[in-house]
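**Student:** Below is the sequence, then the predicted model.
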Amino acid sequence: VRITDDEVWKIVGYVKRLGSQGNLEKAPGDASAGRAVYQKMGCATCHRIGGDGGNLGPELTSVGRRRGLTFLHESLVKPDADIPINYRGVQVVLKSGQTVTGIRLNRDDLSIQLRDTRDNLRSFLMDNVQEVRYDKPSLMPPYASMNQKDLGDLIAYLNSLKGAQ
C-alpha cells in the first residue's frame, strides 16, 4: 500500500499531537502553590524533575508536555489505573523470611534485580528466593482524599513541567 506525501505529513502531524497532548491544555490551579504541595508531599522521594529526585517513579521533567490534565488527575487519585511496566511494583520474598519491595529491573533464571523503595539497587540469586509477587501494581499511594485545592494546584504544577522544547 502506497501513501501520498500529503498523507505522510498528516500522519506525522497526528503523531506529534499525541506526543505533546499536555501543551494544548492549561490547568486552572496555581502552579507555584502546586510546587509547594509537591515538595510537602515528598513526591521527589520517588520522582525526578531535571536532576533532582528519586528514580522509583516516572521522571516528570516534561510530563506537562506529554500528558493531558485528565491523565495527570487520574495518576494522582488512582495510580493503579495506568502504570508503565517498568514501574510496576514487585515483592521478593527470600527464604530467610525477609521481603523486599521495589520495581523489577531484570529477571532471568538465575537472579532478579530490583530498585527497592529506598532507591537502592538490589540483586538476589533465585536459589535464595522463596517467591516473587507482582500483586502490588503501584508503589505510589493514591491521593484521592487530598484537599481539592492542593490537588488542583499540584496538577497545575505538573502541567507546567514542559521540559526542554
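**Tutor:** Yep, it's here.
**Student:** Compute the number of surrounding residues for residue 4.
**Tutor:** Applying other C-beta atoms under 10 Å, we find 8 residues neighbouring residue 4. For glycine as for every other residue, the C-beta is placed from the backbone atoms N, C-alpha and C.
**Student:** what's the pLDDT at residue 151?
**Tutor:** Per-residue confidence at residue 151 stands at 97 (pLDDT).
**Student:** got it, and residue 82?
**Tutor:** 85.
**Student:** what's the answer for residue 89, then?
**Tutor:** 91.
**Student:** Next: the one 10 residues further on.
**Tutor:** Looking at residue 99, its pLDDT is 96.
**Student:** and the closest residue in space to it that isn't next to it in sequence, bridged to which residues?
**Tutor:** In space, and not counting its chain neighbours, residue 99 is closest to residue 93: 5.1 Å by C-beta to C-beta, 6 or more residues apart in numbering. Residue 93 forms beta bridges with residue 99, residue 131, as assigned by DSSP bridges.
**Student:** these two touch, right, residue 93 and residue 124?
**Tutor:** No. Counting by C-beta atoms under 8 Å, residue 93 does not reach residue 124; the two are 10.1 Å apart.
**Student:** So between those two, which is more surrounded?
**Tutor:** Legend: neighbour count by other C-beta under 10 Å for residue 93 and residue 124, higher for residue 124 (17 against 14).
**Student:** Alpha carbons of the helix or strand where the more buried one lies, as PDB, please.
**Tutor:** According to DSSP states H and E, residue 124 maps onto strand 121-125. Extracted in PDB, the C-alpha atoms of strand 121-125 (Å, rounded to 0.1, in the frame of the first residue of the first chain):
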ATOM      1  CA  LEU A 121      19.800  -1.400  43.500                       C
ATOM      2  CA  ARG A 122      19.300  -5.000  44.800                       C
ATOM      3  CA  SER A 123      20.100  -8.300  43.300                       C
ATOM      4  CA  PHE A 124      19.100 -11.800  44.600                       C
ATOM      5  CA  LEU A 125      20.000 -15.200  43.400                       C
END
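**Student:** change the start of the numbering to 429 and stick with it
**Tutor:** Got it, the first residue is 429 from now on, which makes the last one we talked about strand 549-553.
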